[in-house]
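Would you be able to build a 3D model of this:
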Amino acid sequence: MNTQAPRLNFLQRTGQKFSSIPVRYMYIFFLLMAAVIACVSWGSSQDMAQWTRYNNYVIFKQSFFRLLHYQDIYTILPEKHYDVYKYSPSFSMWMGLFAWLPDLPGLILFNLLNMVVLLLALRTLPLSKERLNVFLFFILIETMISLTSSQTNVLITGLLILAWHFLEKDKPWWATLFIVLTFYIKIFGIVALALCLLYPSRWRSAIATICWMVVLGLMPLLVISPDQLLFLYKSWGNLLSQDHSASVGVSLYGWWHTWFGFTMNKNMFVLIGAALFCLPLLRFKMWNQPLFRLHILASVLLWIVIFNHKGESPTYIIAMAGVAIWYFAQERKGINLVLLLLALVCTSFSSTDLIFPYKLARTYVEPYAVKAVFCSLIWFKLIFDLMTDAARPQLHK
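This next block holds a predicted model:
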């Protein structure tokens, strides 16, 4: 027996197994999955007496027609859908790309848009084929959850990674366009502007951000009057302020609140989180290290989920992509692997019947924000590593 034979841990063996799969096959699989999920969501809704299983897509679609008819898009439309539209007037107008189509082809194209943007973004990451394949398997469940919910989280994940990529390529206009797009979908995406500080083009990024904020914010003027647009922005602001005070979400705050009875002013809690997020940015000498910049991206992806008062299960594709970037871009370490696997089990598998029975998930996993636990712990460790020499400056592809 050769005792000198290398001993490969589980992830290494898995990586070697997946490395033989051409990456293009993985991409094809994810695209087919997006289309199939859309078909299943539409097909399973045909016998429903009211509403659909792709309710979020219906909300987005109807917001476009309500925008054109000068209606308040931030009120519920019970004859069409449940829940309220919570994105910007600009996103309502962009949904016109799909709204004119029947639900099935529109939903398929909407899911494919989400998936194509994410896959294009992942191609830009400095990862080997082996690590990229394992990365894709790692985020598979969360991708399915988000697409099944007909949400935009897969799209947002891709846009934020693309923003990092274009900053690396010294193309701040493209980078800030993608960041501002996420803001007009979900406002927490604006946190990614912190990435611009890490690059010499920061002043160009500031100018580009202002221009994109104005251009994209005023885009609905193509179909409505200035007075109506002002009214909608006021209505959006009122909705968000009321929504903020009424929810803790599947978030870090929700975890501490449900487990330990923690209470605190939510605005102050977010400010403390923002201060912790900014601490590594004070290490100016590290800004020229590729791994440092990539880990700041991972911190952004985690932060906008765990500090989001409306964090919910489908948003965790964003956080788990951050976890994957944190782990797969650096040298393998035992404690990191343990945290990675715990995050996979308690965040992704907790939303399936693979480990947690449905009753257990409904009784404990969801009400007690279990999905937020290890994503939050990984974020705190990431901040600690960025503040110390625990994070090595080399990228490990």
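
Next, the contact list for the nearest residue to residue 108 once chain neighbours are set aside, please.
Ranked by C-beta to C-beta, 6 or more residues apart in numbering and with sequence neighbours excluded, the top spatial neighbour of residue 108 is residue 38, at 4.3 Å. Every C-beta, even on glycine, is put in place using the N, C-alpha and C of the backbone. Counting by C-beta atoms under 8 Å, 6 or more residues apart in numbering, residue 38 touches 54, 104, 107-108, 110-111, 147.

try 7 Å this time
Residue 38 makes contacts with 107-108, 111, as judged by C-beta atoms under 7 Å, 6 or more residues apart in numbering.

So it versus residue 159, what's the distance?
Per C-beta to C-beta, to the nearest Å, residue 38 is found 20 Å from residue 159.

Residue 252 now?
Residue 252 is 23 Å from residue 159, by C-beta to C-beta.

Tell me which of the two has more neighbours.
With neighbours defined as other C-beta atoms under 10 Å, residue 252 and residue 159 compare such that residue 252 has more, 27 against 22.

just checking, the more buried one touches residue 306?
Yes - using C-beta atoms under 7 Å, residue 252 is in contact with residue 306, at 4.3 Å.

overlap in contacts of the two?
Residues touching both residue 252 and residue 306 (C-beta under 7 Å, 6+ apart) are 372, 376.

remind me which residues of the stretch 201-350 of the chain are low pLDDT?
244-247 (pLDDT under 70).

Which stretches in it count as helices?
For the stretch 201-350 of the chain, the helices defined by DSSP state H, counting those that start in this stretch cover 202-218, 226-245, 252-260, 266-278, 290-306, 316-328, 334-343.

distance between the ends of stretch 84-104?
Using C-alpha to C-alpha, to the nearest Å, the end-to-end distance of stretch 84-104 comes to 22 Å.

Next: stretch 240-252.
Stretch 240-252: ends 19 Å apart by C-alpha to C-alpha.

in the host helix or strand of the residue nearest to residue 108, what's buried?
Here residue 38 is covered by helix 23-43, with elements defined by DSSP states H and E. Within helix 23-43, the residues scored as buried using 16 or more other C-beta atoms under 10 Å are 23, 26-27, 30, 33-35, 37-38, 41-42.

so whichever helix or strand comes after it versus helix 226-245, what angle?
Proceeding N to C from helix 23-43, the next assigned helix or strand is helix 55-68, under DSSP H and E. If you take axes from the mean of the first three to the mean of the last three C-alpha atoms, to 10 degrees, helix 55-68 sits at 150 degrees to helix 226-245.

Helix 55-68 packs against which elements?
Contacts defined by 3 or more C-beta pairs under 7 Å, 6 or more residues apart in numbering; DSSP states H and E place helix 55-68 against helix 89-94, helix 96-99, helix 103-123.

could you dump those to CSV with mean neighbour count and mean pLDDT?
Listed next are the helices and strands packed on helix 55-68 as CSV, based on neighbours: other C-beta atoms under 10 Å; pLDDT from 0 to 100:
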stretch, mean neighbour count, mean pLDDT
helix 89-94, 24, 96
helix 96-99, 17, 94
helix 103-123, 20, 96
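
As a markdown table, the ones you listed with distance to residue 300 would be great.
Converted to a markdown table, the helices and strands packed on helix 55-68 look like this (distance: least, C-beta to C-beta, whole Å):
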| stretch | distance to residue 300 |
| --- | --- |
| helix 89-94 | 20 |
| helix 96-99 | 27 |
| helix 103-123 | 13 |
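
which one of the buried residues of helix 23-43 sits closest to residue 371?
Proximity of the buried residues of helix 23-43 to residue 371 (C-beta to C-beta) peaks at residue 37, which lies at 20.0 Å.

The closest one against residue 146, yeah?
No - in this structure, residue 37 is not within contact of residue 146 by C-beta under 7 Å, at 9.6 Å.

Pull out the buried residues from stretch 129-147.
Buried residues in stretch 129-147, defined by neighbour count with 16+ other C-beta under 10 Å: 129-147.

out of the residues you listed, which are inside helices?
129-138, 140-147 (DSSP state H).

Tell me the pLDDT of the closest residue to residue 153 other than its chain neighbours.
Excluding the flanking residues, the one nearest residue 153 by C-beta to C-beta, 6+ apart is residue 146, at 4.4 Å. Looking at residue 146, its pLDDT reads 95.

So residue 146 is in contact with residue 316, correct?
No - in this structure, residue 146 is not within contact of residue 316 by C-beta under 7 Å, at 8.1 Å.

Next up, the contacts around residue 72.
Remark: with contacts taken as C-beta under 7 Å, 6+ apart, residue 72 is in contact with residue 235.
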